[in-house]
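Undergrad: Let me see the structure of the following:
(one chain, ligands or ions: 1)
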Amino acid sequence: MELRVIKAGNGDSLLLKFKDLTNKKRNILIDGGNKKSDYNKYLKNEILELIRLKENIDLLIITHNDQDHIKGIEYLLKDPDIDKSIIKSIWFNYFKNETFSNVNKPNYDISTADAIKVQNLINEYKIPSFNKTLETRKKIKFFGSKITLLSPFIENLTQYKDKQTVDVSATSDDYNYTISELIKGNPNVLNGIDENLDDSFSNATSIAFLFEYNNKSLLFLGDALSEIIESNLRSILTERNLESIKIDIIKLSHHGSSRNTSMSLLDLIDCDTFIISTNGKKANLPNKLLISKILSRSRKVSTDRIIFNYLDTMNLLNIKEKEKMYYDFETPAENYKNGYFIKL
Ligand SMILES: [Zn+2]
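TA: This is a model prediction of the structure:
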């Protein structure tokens, strides 16, 4: 199995590749990033490589309608160089589908125009599209793998529909503080109090899921809300009679915002590899405070790896080598031309 964290500007674009039980290569593309120039420079190369190798995008997941996730998919669907028949299925929670209309049409800040464009392109190319994934707590079998949805569900959307509409992150960056200063200066946050968690409706609509295959488990959290992920993860733990879940890789929610990963969520997960996807050019994300949260969690067992798809973002955080030694973590960044890849 291989995960590619593709450079996607301040957004997300991840390509998960695995061989199914018949040894056929399968690909799941999650989101497409933001800018056309990034699409042309990075994601497009990945798709052309798939075409060269005669592989498909077996599943395309658009986590939500925010531009930093959906725009790259629009460029992909409009690109005359790409044969759209390689896209075999799409999950897209387009807000005008039946499910969303059940939520009394809230007044929220979702990029409606982009969603309509993408939905029209999906219709035009007759790509099988499933936009009811959030109706039930679905477990989906996918070429031998198991996908369990963690966000969103209809009750979550109802709960957040009147919440703040703006995707607010920190008003200034925290990069001039050392990890030690952030840990000492934020005792409440690191004890799970006053975390000021994201409750925006647009991020409440984000798909998040657990992917399991060949004894490997990955969490793809989109921009989802920590509270929603946590409550649905707790249901899975109860079903499996577990206290915590072993995860090989987490794609952290919302470009490394400290407001989308709570201490109580971290307490449910045994994991030492975390991915932050952003070029660091939006909303002061990632927050260095999130790294302090990860390093302060109760379940830390071995050397943590906090991985960046942009070297610039890692440098921006200004983490001192002696702090990496002291707190026992590494910050790998950008290991191939299109971002970061991990074999597992
Ligand atoms: Zn985003």
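
Undergrad: quick one: secondary structure of L150?
TA: strand (DSSP: H, G, I helix; E, B strand; the rest coil).

Undergrad: Contact partners for it?
TA: For L150, the contact set (Cβ atoms under 8 Å, 6 or more residues apart in numbering) comprises A208, F209, L210, L219, L221, A224, I228, I229, N232, L233, I236. The C-beta positions use only the backbone N, C-alpha and C, and glycine is treated the same way.

Undergrad: From G339, how far off is it?
TA: Distance, L150 to G339, using Cβ to Cβ, to the nearest Å: 24 Å.

Undergrad: Check G256 too.
TA: Distance of G256 to G339, given as Cβ to Cβ: 15 Å.

Undergrad: more crowded one of the two?
TA: Higher neighbour count among G256 and G339: G256, with 27 against 24, using other Cβ atoms under 10 Å.

Undergrad: What backbone torsions are found at the residue nearest to the more buried one when sequence neighbours are not counted?
TA: Nearest non-adjacent residue to G256, counting by Cβ to Cβ, 6 or more residues apart in numbering: P286, 2.5 Å away. Dihedral pair for P286: phi -80, psi 160, per degrees, to the nearest 10.

Undergrad: With S277 instead?
TA: Backbone torsions for S277, taken as degrees, to the nearest 10, come to phi -110, psi 110.

Undergrad: Let me see the contact set for it.
TA: With Cβ under 8 Å, 6+ apart, S277 has these contacts: V5, A8, G11, D12, S13, L14, K251, H255, N309.

Undergrad: right, and the helix or strand after the helix or strand of the chain with the lowest mean pLDDT?
TA: In the chain, the helix or strand scored least confidently by mean pLDDT, DSSP states H and E is helix 98-101, which has a mean of 44. Moving toward the C-terminus from helix 98-101, the next helix or strand (DSSP states H and E) is helix 112-124.

Undergrad: Just give me the neighbour total for whichever residue of the stretch 201-344 of the chain sits closest to the ion.
TA: Nearest to the ion in the stretch 201-344 of the chain, going by Cβ to the ion, is D223, at a distance of 4.3 Å. D223: 28 surrounding residues under other Cβ under 10 Å.

Undergrad: Check which helix or strand the residue in the stretch 51-200 of the chain that the ion sits nearest to maps to.
TA: Going by Cβ to the ion, the ion is nearest to D68 of the stretch 51-200 of the chain, at 4.2 Å. For D68, the element it lies in under DSSP H and E is helix 67-78.

Undergrad: Which positions within that helix qualify as buried?
TA: For helix 67-78, a neighbour-count test (16 or more other Cβ atoms under 10 Å) marks Q67, D68, H69, I70, K71, G72, I73, E74, Y75, L76, L77 as buried.

Undergrad: What angle do helix 112-124 and it make with each other?
TA: Using axes from the mean of the first three to the mean of the last three Cα atoms, to 10 degrees, the direction of helix 67-78 lies 30 degrees away from that of helix 112-124.

Undergrad: from the middle of its chain, how far away would helix 67-78 be?
TA: 16 Å (Cα atoms, centre = their mean, to the nearest Å).

Undergrad: Could you export it as CSV, CA atoms only?
TA: Extracted C-alpha coordinates of helix 67-78, given in CSV (Å, rounded to 0.1, in the frame of the first residue of the first chain):
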residue,chain,number,x,y,z
GLN,A,67,-12.5,25.4,-2.4
ASP,A,68,-9.3,24.1,-1.1
HIS,A,69,-10.7,20.5,-1.5
ILE,A,70,-13.1,20.8,-4.5
LYS,A,71,-11.5,23.2,-7.0
GLY,A,72,-8.8,20.7,-8.2
ILE,A,73,-11.5,18.1,-8.9
GLU,A,74,-13.3,20.7,-11.1
TYR,A,75,-10.0,21.2,-13.0
LEU,A,76,-9.6,17.5,-13.3
LEU,A,77,-13.1,17.0,-14.6
LYS,A,78,-12.7,19.8,-17.1
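
Undergrad: How far off centre is the helix or strand just after it?
TA: Using DSSP H and E, the helix or strand that follows helix 67-78 in sequence is strand 90-92. The chain centroid and the centroid of strand 90-92 are separated by 15 Å, computed with Cα atoms, centre = their mean.

Undergrad: quick one on the thing from earlier: my guess is the residue nearest to G256 meets S253, correct?
TA: No. Applying Cβ atoms under 8 Å as the test, P286 and S253 come out as separate, 10.9 Å apart.

Undergrad: give me the number of residues near R240?
TA: Residues contacting R240 under the criterion other Cβ under 10 Å number 9.

Undergrad: need the contact list for it.
TA: Per Cβ under 8 Å, 6+ apart, neighbours of R240: none.

Undergrad: picking up where we left off before, show me which of the contacts of S277 is closest to I193.
TA: Nearest to I193 among the contacts of S277 is H255, at 23.9 Å by Cβ to Cβ.

Undergrad: So the nearest residue to the closest one once chain neighbours are set aside, which state does it fall into?
TA: Computed as Cβ to Cβ, 6+ apart, the closest residue to H255 that is not its neighbour in sequence is T278, at 3.9 Å. State at T278, reduced to three classes by three-state DSSP: coil.

Undergrad: All good on my end, thank you.
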